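*Asks:* Have a look at this prediction, sequence included:
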Amino acid sequence: MPRVKSSRSNPSKSPAPQGKSGFVRIISGQWRGRKLPVKDVEGLRPTTDRVKETIFNWLAPHIRGTRCLDLFAGSGGLGLEALSRYAEQVTLIEMDKGAADQIKKNLTVLGSSQGQVIHSDAVSWLQGPATPFDLVFLDPPFRRDLLPQVCELLEQRGWLAADALIYLEREKEMADLTLPANWQLLKDKQAGQVCYQLYLRSPENDVAI
């Protein structure tokens with residue numbers, strides 16, 4: 001993956017009743033404009049199109065041919081967007097069975113064999129055998145203090161390629177998040193009460209994107 005040079009999203013919105021369905025839209029790539037059904041479950045916050053467009057503008061030069069991990073897949077919106085933009089392979093981890101099953105159905109509708117959906121708790125899954133990923137999306141349920149643990153597991157257990165990119169989405173009030181020392185902040189934006197950031201796993205100091 002080329003070295004780089006030097007987060008779903010309205011937490012104030014009440015979740016739809018469990019069992020109802022919404023839609024996620026693919027912004028660009030081979031499936032541009034496709035709308036896919038989403039199983040709405042408690043705590044699910046699909047990333048808004050506005051934020052998703054910003055994220056993938058940041059990542060545009062680095063998506064094609066990468067191995068991606070969408071660790072808290074939810075709607076699958078980030079992982080499916082990466083596949084649409086020709087990621088080589090995307091692994092989507094989702095704890096809710098209904099949401100995971102819906103992502104599988106959407107992959108079937110799209111005719112994609114590059115997406116793998118795993119119905120599992122993210123923390124438990126990260127404690128298993130590791131394969132390095134080039135790009136990781138981290139958008140966990142808010143206010144459950146999951147990010148410190150999963151970031152440590154990603155770094156310590158070999159889930160990240162040498163120059164991996166990590167997208168991280170969190171609530172604004174989480175001010176004291178401790179991340180691995182070799183994760184360097186490249187981009188940092190805010191939309192309402194949501195902060196979203198892009199990090200590079202690298203020992204170098206002078207990087208930009």
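*Replies:* Perfect, I can see it now.
*Asks:* contacts, neighbours, all on C-alpha from now
*Replies:* Fine.
*Asks:* State the next helix or strand along the chain beyond the helix ranked longest in the chain.
*Replies:* Taking DSSP state H as the criterion, the chain has its longest helix at helix 97-110. Once the chain leaves helix 97-110, the next helix or strand it forms, by DSSP states H and E, is strand 115-119.
*Asks:* before we move on, back to that, in terms of secondary structure, what does the longest helix of the chain contact?
*Replies:* The helices and strands touching helix 97-110, judged by 3 or more Cα pairs under 8 Å, 6 or more residues apart in numbering; DSSP states H and E, are strand 35-39, strand 115-119.
*Asks:* could those strands be laid out in a markdown table, adding distance to G98, mean neighbour count and mean pLDDT?
*Replies:* Below are the helices and strands packed on helix 97-110 laid out as a markdown table (distance: least, Cα to Cα, whole Å; neighbours: other Cα atoms under 10 Å; pLDDT from 0 to 100):
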| stretch | distance to G98 | mean neighbour count | mean pLDDT |
| --- | --- | --- | --- |
| strand 35-39 | 7 | 19 | 92 |
| strand 115-119 | 9 | 19 | 98 |
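*Asks:* Just list the residues touching V38, thanks.
*Replies:* S21, G22, F23, V24, S75, A99, Q102, I103 (Cα atoms under 8 Å, 6 or more residues apart in numbering).
*Asks:* where's the longest helix of the chain relative to the chain centroid, distance-wise?
*Replies:* Mean C-alpha position of helix 97-110 versus that of the full chain (Cα atoms, centre = their mean, to the nearest Å) differs by 16 Å.
*Asks:* Relative to E173, which of the helices and strands packed on helix 97-110 is closest?
*Replies:* Ranking those by distance to E173, with Cα to Cα as the measure, places strand 35-39 first at 27.6 Å.
*Asks:* for the following helix or strand past the closest one, which positions count as buried?
*Replies:* With elements assigned by DSSP H and E, the helix or strand that comes after strand 35-39 is helix 49-59. Neighbour-count burial for helix 49-59, counted by 16 or more other Cα atoms under 10 Å, picks out D49, V51, K52, E53, I55, F56, L59.
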